[in-house]
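A.B. asks: turn this into a structure:
(chains A and B)
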Number of protein chains: 2
Amino acid sequence: MKVSQFPISTLRDTPADAEVISHQLMLKAGMIKRLASGLYTWGPLGLRVLRKVENVVREEMNNAGAVEISMPAVQPADLWHESGRWDEYGPELLRISDRNNREFCFGPTHEEVITDYIRTEVSSYKQLPVNYFQIQTKFRDEVRPRFGVMRSREFLMKDAYSFHLTPECLQSTYEDMFAAYQKVFTRLGLNFRPVEADNGSIGGNASHEFHVLAESGEDDIAFSDSSDYAANIEKAATLPSTLVRPEASQTMESFDTPNIKTIDDLAQVMDIPATQQIKTLIVEGEDDSTVVLLIRGDHNLNEIKAEKIDGVIVPLTFATEEKIEAVTGSKPGSLGPVGLELRIIADYATQPMADFVCGANKEGVHLKGVNWVRDLPEPEFQDIRNVINGDPSPDGKGTLQIRRGIEVGHIFQLGTKYSESMNAKVLNENGKSQVMTMGCYGIGVSRIVASCIEQNNDENGIIWPAAMAPFQVALAPLNYNKSAEVKAVADKLYQELRDLNIEVLLDDRNIRPGAMFADLELIGIPHRIVISDRGLKEQKLEYKSRTAADAESVELEDAINFIKNKLSS
Amino acid sequence: MKVSQFPISTLRDTPADAEVISHQLMLKAGMIKRLASGLYTWGPLGLRVLRKVENVVREEMNNAGAVEISMPAVQPADLWHESGRWDEYGPELLRISDRNNREFCFGPTHEEVITDYIRTEVSSYKQLPVNYFQIQTKFRDEVRPRFGVMRSREFLMKDAYSFHLTPECLQSTYEDMFAAYQKVFTRLGLNFRPVEADNGSIGGNASHEFHVLAESGEDDIAFSDSSDYAANIEKAATLPSTLVRPEASQTMESFDTPNIKTIDDLAQVMDIPATQQIKTLIVEGEDDSTVVLLIRGDHNLNEIKAEKIDGVIVPLTFATEEKIEAVTGSKPGSLGPVGLELRIIADYATQPMADFVCGANKEGVHLKGVNWVRDLPEPEFQDIRNVINGDPSPDGKGTLQIRRGIEVGHIFQLGTKYSESMNAKVLNENGKSQVMTMGCYGIGVSRIVASCIEQNNDENGIIWPAAMAPFQVALAPLNYNKSAEVKAVADKLYQELRDLNIEVLLDDRNIRPGAMFADLELIGIPHRIVISDRGLKEQKLEYKSRTAADAESVELEDAINFIKNKLSS
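C.D. replies: Below is the predicted model:
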C-alpha cells in the first residue's frame, strides 16, 4: 500500500488518559480510536494487525480439526434461564429488551447457544466428538473498562466448544487444543506461558490459562525456576511445611497494643517481624456458623482455596464486625485463636511456628510467646494462602517465582455443567441416552494485539514480531514528489516487493524525513529502506531494522535479495 | 475437506415454517439454524458460502480504493442525538442501557460513528477524499422478521462511507462505487439490475439500489424493454399524457350507488371500467389544510411522489373520516372533485379523461359523464402514481415492465445531512472551515446468499454459481470403507485436486449412494465425481454437472484434466 491510499494518522502527544504503554501506543499510532467507554474503532493499521492475529488463530483451529461456524451475537434469555446463568451472571451481562419486550443479551460467551445448536444437531455417539469455533465480537459490560482494547467492553474473541461421549475423549481434544494454543502464541512471536488455572464458577475439571508475560498484566503467575510448572496464583499450591517446629522458648503473655490493628503496625511499632505473627480472619460457615482462618503475618489469604474448605459458604463471606464481636468478644484488629471455641483452619505455613504473636481477643491487647499444643490445640492445617516468591514448587522441583501476566487464552474442561442443565444428550453405543461432556476454549483476539505491544516496544514506539506486523517493509523515499529518480526507484522496489508477496508500505507523503522516520518507528514496521538522492548517487540505499540502533548501507542492485534475506532470517 | 471432518447435516423434510425457497433450502442443507425470531446460526457449510461473498466484496472494495476499518457494534446514543436520529428512528433501532443506565444502540448502520471518527481524523481538504468500509454484524429489530437470513434481525453488512470537499468529488467516488458494485454482483454470478431509487428519509441526492431479480422479491422494479432505464417503483416517473382528451359526449348526472364504496364494486356492479373512474383521496396539508388527490381508478397512489407535493404534510397522512366529512360533507366511498372548494392535485393520467365517473360527495351517490372544464375547473396535474406494466419509459425509449427484486445493495449521495448536524468540517483551499459532503454505500452480505438461492435452484436443491459454491468438486466414493480400490482412487484424486488448490469435498460417510447423491445435489456443489468398483473395473469414473440431467463417463487417467477443463469453462 501507499500511505496516500492507506491513511496513517499518528498523534504527536501521548494521550493523557492512557495508563499502560500498549494503550498509549495504539492511540498514538492511530491503530484504535475511542468511541465511548470501553468501545474502540479499529483504524486501518490496527485492523490489519487484528486480522493477522485472527488468521493465525483460524489456521491453527482448522489444523486442530475444529470447524468454523458463526452464532448470533444477540442471544435469547430463555437459554440462559435453562442453564441457570441468567440469574447468576452479574451486571457484566448486557441485557437487552427487544420491541416485543422479550429479553436477550449481547453474548459475552456462547456456551448456551452452542449447546442448543448441538442438542438439535447431534443425536448419536457416532457423530461425536465435534469441535466448533467462531471468531466473533463479544460484549462484557465491565465495571471499569480500561487499558484500551486490553479490557474493553466490546472485543473480538475466538471461542470453541467441543462435545464428547466420555471424559477420555474430552481429554484428548483438550490436549489437541492445548497444543494448538501453543502453536498460535508461538507463531505470533509472543513470550507466553500456559498455566494451571482455577476454573472458578464455570465448573468442570482441568483448566489452563495462557498468559503473555508483561509487567502491566493484571494476573500473578507462579513459575518454577527448575521445571515447566506454572500456575495462576489463584491455583498454585503450597505444600505442607517440611520444617521442624522449634521448642517453645517463651511463656505466653499479653501486652498492650493501643491503636494497633494491623500486622504492619505491630511490625513497625513493636518490632515484631510479620513472619512471627499469625493473622486471624473469620468467615461465614454453613448453618450460621463461623470458621476461623489463620495465616502467617506476611502471607495473603487465597480466597479460592478458602472456598474449598468444607462447610465454608461460597462465595467466601467475611463475618461482619457485629458477628465477630459476638463470637470472639473482641473487635477486629485484636483477634487470635487462643481460647476460641470455634472451628479453626490454619495455613500449612503456620504449622512450624513457635513463640508466635497474635491478638488476645481483647481490644488493644495482643499475646506473645504463643505455642501450639501448650497454649492452644493444634488446628487443622491446610493450604489456604497465595504462594510467594521463593516458595517450593508444588511439583517438588525448584522454587517459585511470581510474574505478571496478561491472560490471552483459557481452555476448560466443562464436563456436563451445560449439557446436563440443558439436556444435551446422545444415544450411546448401547442405545441409551447419555449427557454429553463438554470443553470450551477461548482466545482474546483483540487483547493479543495489546499484550504483544506490552512486550514489544521501546521509546520510539511499537516493535512488531513478523507475524503481527501490519507491513513487513517500509519504503521511505525522500523528496518522492520532487526527485524523479527517487520516485522511480521507490516505485520499482515497491512493485518488485509486491510481486514477491511481501507486504510493503510506501510512504509517499512528502513530509520531513524526521517526521516520516518517527511515524514508521512508532507504527513498528520491522524493516525500513530509505531511498534518497544522496544515496542513489552512489547506487546505494539505507536499511534499518526496527530493532537495530544504526542503519546500514545496501547496494541498490542487491536490494531485493537483501530484503528477502532479512525477512527469512 | 472430508465430510467426516466437516459435518453436513441435511434435513429430509422441508421445514413447514419456511415460506420462500431460499429459506427452505438453507435450512434443509444445514447452512443455517434458527436460534430465535430473526436470529440464525451459520453452520459450517453456510459460513463457507458467506465468507466467499464477504471476500469478493472486500476485494472489490479494496480495488476501488476503499480502506477497511472496524467500528463498534454498540453505539452511544449521544451521537444519534447529535444527528437527530435517536428520536426519528423507530422501534427497529435496538436500544440498550448499560450498567450505568447510559443509552446505547446495537448499530443498524454507522453514519453517526463514522462521521464522529472522521471529524477527529481529518482536518484539511488535503486529506480528502476518504472512503472507509467495514464488514460487520448489524441489528435491525424488524417488526416481522422472515424469509430466514433474507430479512433477519441480525445480519452481515458491508457499509462504506466517503467524505469529500465538493459534490463533484462525491460524484466521482459514487461512480467508482457504482462500478465496484457491478463488479461484485457480476463476479458472484447474480442476475441483477442497478435501479434508480428514492433515497427517502436518508436525504441527499442520487441513489441507486442493486436488485437481484427473483419472484420472491419484496420490491417492484420497473425496467424499460428498450433501454438501460431501471428504477424502483417508488422512484419510476410517469410522463404527462400525450393523448388528446376526447370531447364531452355525455351530460353529467348523478346515479344511486347504494353500498358501493370501492372502484372494484362500481366496476363489477355497474359495469363501469376502472379506467373510466377517478379515485379521490384526501390528505393532510400544512396549516391544518387538506389536499385532494385524484388518480385514475386502475392506478395506485405513489406516496413518496405525493409527499413531494408542495404544502403536503410529510410523512403523508390521510385525513380522518371526521375531517373528510367536515370538508366534503360526505363519508369516504362517495368522494369526488366536483364542487369541492379545496386544493386539488390530479395525476397526469387523469388529464385526457372525458365522461368519467366519480363520487358525488353524497353517501351512496356517484356522478357519471363528468368532464374537465365544463363540470369542474382543470386541476393541477402531476405525477403522483406508481407506474404499471406498459407505461412509457421515462427516458422516452420503449415501455416499462415491472419485475420483483431483492435489494442487495444501496448507494447514496448523502450530501451534508450528517456532516452538517454533527459539525464535520475541514479547512478548504482558502483556509475556511467547510462542511464535508458524504456518500454511503451498503451491501447486504448475508442477504446475498439467500437471494442467490432464490435465483439458482431446482427441485433437488441449490445450484451455486462457481464464485459462491462452498466446494467446487464433490468426490462421491461408493463403499469407501469397504473397497480398498475405491478408497485409494478417491484419496488420490482428493489429494491431487487439493494440490491444485481446487476446493473439494470427499464424502467419506459410507451412506447409501442415493442419500449421498441427494445431499450433494441439495447443497449444490457444481461438479460431482462418482468413484465405484463397477466403474474402476473399466478404469472409468462418472461425472455429473449439477445443472446437467445426465452423468457422463470419464477415463480415470484423464480425470484431473477433465475436472480442470470443467472448472475453467
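A.B. asks: can you tell me the closest non-neighbouring residue to A:Tyr132?
C.D. replies: A:Ile69 (5.0 Å; Cβ to Cβ, 6 or more residues apart in numbering or on different chains). Just so you know, the C-beta spots here come from the backbone N, C-alpha and C atoms, and that holds for glycine as well.
A.B. asks: let me know the pLDDT of that neighbour.
C.D. replies: You'll see A:Ile69 listed with a pLDDT of 98.
A.B. asks: OK, contacts around it?
C.D. replies: Shown in contact with A:Ile69 (Cβ atoms under 8 Å, 6 or more residues apart in numbering or on different chains): A:Tyr117, A:Tyr132, A:Phe133, A:Gln134, B:Thr41, B:Trp42, B:Gly43, B:Pro44, B:Leu47.
A.B. asks: report the contact partners of the last one.
C.D. replies: With contact set as Cβ under 8 Å, 6+ apart, B:Leu47 has these partners: A:Glu68, A:Ile69, A:Ser70.
A.B. asks: and the first one, bridged to which residues?
C.D. replies: The residues paired with A:Glu68 through beta bridges, assigned by DSSP bridges, are A:Phe133.
A.B. asks: the residue of the stretch 401-550 of chain A found nearest chain B and A:Gln539: what is the separation?
C.D. replies: Closest approach between the stretch 401-550 of chain A and chain B, counting by Cβ to the nearest Cβ: A:Ser446, at 9.6 Å. According to Cβ to Cβ, to the nearest Å, A:Ser446 stands 45 Å off from A:Gln539.
A.B. asks: higher neighbour count, these two?
C.D. replies: A:Ser446 (27 against 12; other Cβ atoms under 10 Å in any protein chain shown).
A.B. asks: okay, that one and A:Met31: tell me how far apart.
C.D. replies: 11 Å.
A.B. asks: what does A:Ala488 give?
C.D. replies: With Cβ to Cβ as the criterion, A:Ala488 and A:Met31 are 32 Å apart.
A.B. asks: which one of those two has more residues nearby?
C.D. replies: A:Met31 (31 against 13).
A.B. asks: which positions in stretch A:170-181 come out as buried?
C.D. replies: Neighbour-count burial for stretch A:170-181, counted by 16 or more other Cβ atoms under 10 Å in any protein chain shown, picks out A:Leu170, A:Gln171, A:Thr173, A:Tyr174, A:Asp176, A:Met177, A:Phe178, A:Ala180, A:Tyr181.
A.B. asks: and if you look at stretch A:321-340?
C.D. replies: A:Ile324, A:Val327, A:Thr328, A:Ser330, A:Lys331, A:Pro332, A:Gly333, A:Ser334, A:Leu335, A:Gly336, A:Pro337, A:Leu340.
A.B. asks: you'd agree the second one is up against A:Val291?
C.D. replies: It stands for A:Val327. No. Assessed by Cβ atoms under 8 Å, A:Val327 is found out of contact with A:Val291, at 10.5 Å.
A.B. asks: find the residues that touch each one of the two.
C.D. replies: A:Ile282, A:Leu342.
A.B. asks: what secondary structure does the spatially most central residue of chain A sit in?
C.D. replies: Chain A has A:Glu407 as the residue nearest its centroid, 1.3 Å off, counting by Cα atoms, centre = their mean. At A:Glu407 the chain is in strand, as set by DSSP: H, G, I helix; E, B strand; the rest coil.
A.B. asks: and the lowest mean pLDDT element among the helices and strands of chain A?
C.D. replies: The weakest-scoring helix or strand in chain A, judged by mean pLDDT, DSSP states H and E, is strand A:230-232 (a mean of 87).
A.B. asks: chain center to it, what's the gap?
C.D. replies: 11 Å (Cα atoms, centre = their mean, to the nearest Å).
A.B. asks: kindly report the same for stretch A:417-436.
C.D. replies: 33 Å.
A.B. asks: who's in contact with it?
C.D. replies: Applying Cβ under 8 Å, 6+ apart, the set of residues contacting stretch A:417-436 is A:79, A:82-84, A:111-112, A:115-116, A:118-119, A:122-125, A:127-128, A:163-165, A:202-204, A:416, A:437-438.
A.B. asks: pick out the residue in the stretch 251-400 of chain A sitting closest to chain B.
C.D. replies: Counting by Cβ to the nearest Cβ, the stretch 251-400 of chain A gets nearest to chain B through A:Pro315 (19.6 Å).
A.B. asks: one step back: and the residue nearest to A:Tyr132, how far is that from A:Ile304?
C.D. replies: 33 Å.
A.B. asks: repeat for A:Asn232
C.D. replies: Counting by Cβ to Cβ - A:Asn232 and A:Ile304 are separated by 9 Å.
A.B. asks: and if you look at A:Ser216?
C.D. replies: For A:Ser216, the distance to A:Ile304 - Cβ to Cβ - is 23 Å.
A.B. asks: A:Leu340 too?
C.D. replies: A:Leu340 sits 25 Å away from A:Ile304, going by Cβ to Cβ.
A.B. asks: tally up the residues packed near the nearest residue to A:Phe318 once chain neighbours are set aside, please.
C.D. replies: Distances taken as Cβ to Cβ, 6+ apart place A:Val283 nearest to A:Phe318, at 5.6 Å, with adjacent residues excluded. Using other Cβ under 10 Å, A:Val283 has 21 other residues around it.
A.B. asks: before we move on, what about A:Met61?
C.D. replies: Residues lying near A:Met61 (other Cβ under 10 Å) number 25.
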